[in-house]
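> what's the 3D shape of this:
(one chain, ligands or ions: 2)
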Amino acid sequence: MQTNLADFIKNTREGDEADAILRSCVHCGFCTATCPTYQLLGNELDGPRGRIYLIKQVLEGKQVTANTQSHLDRCLTCRNCETTCPSGVQYGRLLDIGRKVVEDRVPRPLGQRLKRAALKEVLPRRWLFAPLLKTGQALLPLLPPTLQNKVPRRQTAGALPTATHTRKMLLLDGCVQPALAPNINTATARVFDALGVQLVVAPKAGCCGALRYHLNDQDGGLHDMRRNIDAWWPLVQDGVEAIVMTASGCGSTVKEYGHFLAHDTAYAEKAARIAELCKDVSEILPQFEAALQQKLNGKIGKRVAFHPPCSLQHGQQIRGKVEGVLRAVGVDVQLCADSHLCCGSSGTYSILQPDLARKLRDNKLANLQATGAPAIVTANVGCQAHLQSGTAVPVTHWIELIDSALAQNLDNYGSYNT
Ligand code: SF4
Ligand code: SF4
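Residues are numbered from 1 along each chain as shown. Ligands and ions are numbered 1, 2, ... in the order given. Below is the predicted model of the structure:
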């Protein structure tokens, strides 16, 4: 695609990157068919090709309106279009650049500004989010029914292992996950402990940076990334084997630290090393398949429907690994129809675009339930909470199923999610 960027962005770092991405798009439109928002709304401007065209206009200095902003806001950043694109267009990066320019030029109404500010300030701060969530959960019976299913139910976490091992890996605790679904990380620690690996947490690490970065507070997001690098670096120097991610949304961001901080001379090298060490839990467990099979001494006779989060299958391009591990230990894993489509969670999307998010969730749940499986597993806390808000079928992280099997507690599997 020919481009002619305006002076305000020409020859800047963002401008050069956006220009290269725009030029790689041949406007074929293959991506449109797999875009969830295009499928729901049927408008070219609510699909990837249309949004690319809008961003091109913005960067070429054409008028930017609230309408432009709405079409970009409605994008889930699911990156399904990147998987479909035969030309390798890095749509997600282009969107980050385009959204930031639009954000600076189109003032949002007060209500939107307050909502976005609250999300940016509260969600990445565990000490603020956890007590607010607890209060919401305590007041649940008093809330109107329409609000009740928006508050995730309280979850209990099993105990953390206390044994030490010579093999050590870092675990990202995350920001909302310890409050929303505390059993995921403790289950992961127990599974790794059983396999002879100690998971360590750097207390000063927190949000991976995605929350603020994707709400157009890019400086705030970069600050979170640098803080994590500072917290992890001494342990990296001590030789941890990997940085384990249990939320694929965070993993997809941490794997791009090298890109986000490539311009920062103080952090570029460390960021690239951190990105290299970052692994989704499903990338690590295949090496322990034989040990898991031996320990489980038979088969986990469970049938589950697996929802692969977009951040796993499109962001990190990891497909088939979760299913492989689960099948190796005897789980009957079903993928549903349209498994490549987003469930509508997508970071803060379900809060900022509730109608579209609900439609996508209901479509996804209908497909998952059509598999006939009595339980749903996924690999990202946001998808888990969003899907659970629309069904009584238990939705858990897949590692919790392995943990329950190792503890010979499959009868109670899913009961921590009440
Ligand atoms: S992003 Fe890729 S698939 Fe979509 S129009 Fe451009 S080249 Fe075609
Ligand atoms: S990221 Fe997802 S919602 Fe956004 S344009 Fe691409 S496919 Fe559509």
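> contacts, neighbours, all on C-alpha from now
Fine.
> Name all residues that make contact with residue 54.
By CA atoms under 8 Å, 6 or more residues apart in numbering, the residues touching residue 54 are 45, 68.
> Is it located within a strand, as I assumed?
No: Residue 54: not assigned to a strand; according to DSSP: H, G, I helix; E, B strand; the rest coil it is helix.
> Can you give me the distance of it to residue 8?
17 Å (CA to CA, to the nearest Å).
> Residue 393 too?
To residue 8, residue 393 is 52 Å away according to CA to CA.
> ok, those two, which is more surrounded?
Between residue 393 and residue 8, counting by other CA atoms under 10 Å, residue 393 is the more crowded of the two (15 against 11).
> correct me, but the more buried one touches residue 373?
No: contact criterion CA atoms under 8 Å: residue 393 and residue 373 do not qualify, at 9.4 Å.
> In stretch 384-391, which residues are buried?
Of all the residues in stretch 384-391, those buried under the rule 16 or more other CA atoms under 10 Å are 384, 385, 386, 387, 388, 389.
> Work out the gap between that stretch and the centre of the chain.
Offset of stretch 384-391 from its chain centre (CA atoms, centre = their mean, to the nearest Å): 15 Å.
> Repeat that for stretch 361-373.
Relative to its chain's centre, stretch 361-373 lies at 20 Å (CA atoms, centre = their mean).
> isn't residue 175 right up against residue 127?
No: the criterion here is CA under 8 Å, and residue 175 misses it with residue 127 at 9.1 Å.
> which helices and strands does the strand or helix carrying residue 71 pack with?
Assigned by DSSP states H and E, residue 71 falls within helix 66-73. Secondary structure elements in contact with helix 66-73, counted by 3 or more CA pairs under 8 Å, 6 or more residues apart in numbering; DSSP states H and E, are helix 48-59, helix 91-105.
> what about those helices, which gets the closest to ligand 2?
Each of those has some distance to ligand 2 by CA to the nearest ligand atom; the shortest is helix 48-59, at 3.6 Å.
> just the helices in the stretch 201-350 of the chain please.
Here the stretch 201-350 of the chain has its helices, by DSSP state H, counting those that start in this stretch, at 210-213, 218-237, 248-254, 257-260, 268-277, 281-284, 289-296, 310, 321-328, 349-352.
> swap in the stretch 51-200 of the chain?
Under DSSP H, counting those that start in this stretch, the stretch 51-200 of the chain gives helices at 66-73, 80-84, 91-105, 110-122, 126-138, 145-148, 177-180, 183-194.
> wait, which of those is closest to ligand 2?
Comparing these by CA to the nearest ligand atom, helix 80-84 comes nearest, at 4.1 Å.
> List the neighbours of that closest one that are in contact with it.
Helix 80-84 is contacted by residues 30-32, 34-35, 48, 88-92, 310, 314, 317, 340-341 when judged by CA under 8 Å, 6+ apart.
> try 6 Å this time
Applying CA atoms under 6 Å, 6 or more residues apart in numbering, the contact partners of helix 80-84 are 31, 314.
> do the same with stretch 253-272
By CA under 6 Å, 6+ apart, the residues outside stretch 253-272 that reach it are 275, 278.
> From residue 249, how far out is the closest residue to residue 275 other than its chain neighbours?
Once flanking residues are discounted, residue 275 sits nearest to residue 255: 4.3 Å by CA to CA, 6 or more residues apart in numbering. Per CA to CA, residue 255 is found 10 Å from residue 249.
> Looking at the two, which has the bigger crowd around it?
Between residue 255 and residue 249, counted using other CA under 10 Å, residue 249 has the larger neighbour count: 26 against 22.
> so that one touches residue 310, yeah?
No: the pair residue 249 and residue 310 fails to qualify as a contact (CA atoms under 6 Å) at a distance of 8.2 Å.
> got the residues of this structure near ligand 2?
By the rule CA under 6 Å from any ligand atom, the part of the chain lying against ligand 2 is 35, 36, 37, 47, 48, 75, 76, 77, 78, 79, 80, 81.
> ok, the residue nearest to the second one when sequence neighbours are not counted - how many residues close by?
The shortest distance from residue 36 to any residue other than its chain neighbours is 6.4 Å, reached at residue 341 (CA to CA, 6+ apart). Using other CA under 10 Å, residue 341 has 22 neighbouring residues.
> and if you look at the one 10 residues further on?
For residue 351, the count of nearby residues is 16 (other CA under 10 Å).
> what about it, distance to ligand 2?
16 Å (CA to the nearest ligand atom, to the nearest Å).
> Over to residue 107?
Distance, residue 107 to ligand 2, using CA to the nearest ligand atom: 22 Å.
> Please list all residues in contact with that residue.
Contacts of residue 107 (CA under 6 Å, 6+ apart): none.
> okay, now the domains of this structure?
Recorded structural domains for the chain (assignment: automatic domain parsing) are 13-105, 288-412.
> roughly how far is the shortest one from the heart of the chain?
Relative to the mean C-alpha coordinate of its chain, domain 13-105 is positioned 20 Å out (CA atoms, centre = their mean).
> how about the residues of the protein that lie near ligand 1?
Going by CA under 6 Å from any ligand atom, the residues of the chain near ligand 1 are 25, 26, 27, 28, 29, 30, 31, 49, 85, 86, 87, 89.
> What does the residue of the stretch 101-250 of the chain found nearest ligand 2 show for phi and psi?
Across the stretch 101-250 of the chain, the shortest distance to ligand 2 (CA to the nearest ligand atom) belongs to residue 214, at 12.3 Å. Here is the backbone geometry of residue 214 (degrees, to the nearest 10): phi -80, psi 0.
> how much space between it and residue 261?
Applying CA to CA, the value for residue 214 to residue 261 is 15 Å.
> That concludes my questions; thank you for your assistance.
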